[in-house]
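**Student:** Can you look at this prediction? I've put the sequence above it.
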Amino acid sequence: MTTQQAPVRRKPQPPTAVPPRATRRRTEEETGRPVWEEEPSFFGRLSKPVVLGLVVLIVAFPLYVVVVTSLSSTEAVTRAGGLVIVPRELTVAAYVQLLSGGVVTRALMISTLITVIGTFLSLAITVLAAYGLSRPGSLFHRPLLFVVLLTFLFGPGIIPSYLVVNALGLIDSYSSLILPTAVSAFNLIVMRSFFMGIPGELIDSARIDGAGEFAVLTRIVMPLSRAVVAVVGLFYAVGYWNAFFNALLYINDNNKWPLQMVLRTYIVQASPLPTGAGGISSVGLGLDPAPTLAIKMAIVVIAIVPVLVIYPFIQKHFTKGVIIGAVKG
């Protein structure tokens, strides 16, 4: 005779508690901020766009005034008593006079040529040096790296630099605007750090396939380093475009001045621009002569527009090219 056992009744289990870590993860995903960060107040949410708007206004308003003044006629400048805020009687006479030949046109061509050649040369030297210093087994790796790092602490000085340039016969030469600043130690270290962050397995596999150092650099390293190359190239280009001190030291011939030297001489020092042959034309394409202030502001616009045009295309590479390159390695 068999006996049936009574079914065992289990006590109802309480609902399982959500682990704190899961709660924190869900909170961060829902709110978009860490759990320890309190919810912003109404004043905090309101102040952010206000502060950003004020910063944009502070930066954009002087540029707006410069552009409007450069496009103003003599009557508008006279009526405003100087810089023009409200645009009236706009004209491009100042730009026509500046770009119709003369000192500003020649200086613009010189600055463009120096920027293009200098940026290409500096990038080539920096890439080759950074790749060599990023390889642990390269020849004289540590001594050369120590010499590069030493330049952060000790600068050559103005007089020794001038004596070296003079001894090399580069006075009144365009080479004096490129060679003394051809390599930046900061850009070299940043690019070296980025190269060291590239996985060594890729380079080893390329060497197993028979690739040499130059092939590894051009086919493996460079395609992976477009961000840092773009950022460093922008640094070099902006440096060459805005440089005037080397021209002030090494260029004695006014006909070889870059645009920044013209900007310094005729805007900062308030020297008059020459007119006629070798200067600026007084009238161009049937337009009335532009006022002196409009011409000066037009030179400022011509000097800053190339950087403003190029910068937005390179800005997206800054985080990946500079921050990652500076942290890794």
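**Tutor:** It's in.
**Student:** Residue 255: how many residues sit nearby?
**Tutor:** 11 (other Cβ atoms under 10 Å). From N, CA and C alone the C-beta is placed, and that goes for glycine too.
**Student:** hang on, it packs against residue 105?
**Tutor:** No. With contact defined as Cβ atoms under 8 Å, residue 255 does not count as touching residue 105 (11.9 Å).
**Student:** and the closest residue to residue 88 other than its chain neighbours, how many neighbours?
**Tutor:** The shortest distance from residue 88 to any non-neighbouring residue, by Cβ to Cβ, 6 or more residues apart in numbering, is to residue 76 (4.7 Å). Applying other Cβ under 10 Å, we find 20 residues neighbouring residue 76.
**Student:** doesn't residue 76 fall inside a helix?
**Tutor:** Yes. Counting by DSSP: H, G, I helix; E, B strand; the rest coil, residue 76 is part of a helix.
**Student:** Tell me how far it lies from residue 193.
**Tutor:** Here residue 76 is placed at a distance of 52 Å from residue 193 (Cβ to Cβ, to the nearest Å).
**Student:** Could you do residue 46 as well?
**Tutor:** Residue 46 is 41 Å from residue 193, by Cβ to Cβ.
**Student:** which helix is the longest one in the chain?
**Tutor:** helix 103-134 (DSSP state H).
**Student:** Name the residues of the helix or strand following that one that are buried.
**Tutor:** Reading on from helix 103-134 to the C-terminus, the next helix or strand found by DSSP states H and E is helix 141-150. When neighbours are counted by 16 or more other Cβ atoms under 10 Å, the buried residues of helix 141-150 are found to be 145, 148.
**Student:** Helix 141-150: how far from the chain's middle?
**Tutor:** Mean-position distance between helix 141-150 and its chain equals 26 Å (Cα atoms, centre = their mean, to the nearest Å).
**Student:** So what touches that helix?
**Tutor:** 129, 132, 133, 135, 185, 188, 189 (Cβ atoms under 8 Å, 6 or more residues apart in numbering).
**Student:** Can you turn the buried part of those into a ChimeraX selection?
**Tutor:** This is how ChimeraX selects the buried members of the contacts of helix 141-150, with burial counted by 16+ other Cβ under 10 Å:
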select :129,132,133,135,188,189
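**Student:** Can you give me the buried ones in the longest helix of the chain?
**Tutor:** In helix 103-134, counting by 16+ other Cβ under 10 Å, buried: 103-104, 106-108, 110-111, 114-115, 118-119, 121-123, 126-127, 129-134.
**Student:** what's the answer for stretch 190-210, then?
**Tutor:** 190, 191, 192, 193, 194, 195, 196, 197, 198, 203, 206.
**Student:** A helix includes residue 169, no?
**Tutor:** No. Looking at residue 169 with three-state DSSP, it is coil, so not inside a helix.
**Student:** Could I get the phi/psi values of it?
**Tutor:** With angles defined as degrees, to the nearest 10, residue 169 sits at phi 70, psi 30.
**Student:** could you measure it against residue 252, distance?
**Tutor:** 14 Å.
**Student:** what residue ranges in this protein are flagged as low confidence?
**Tutor:** 1-38, 269-288, 316-329 (pLDDT under 70).
**Student:** Sweet, I'm off.
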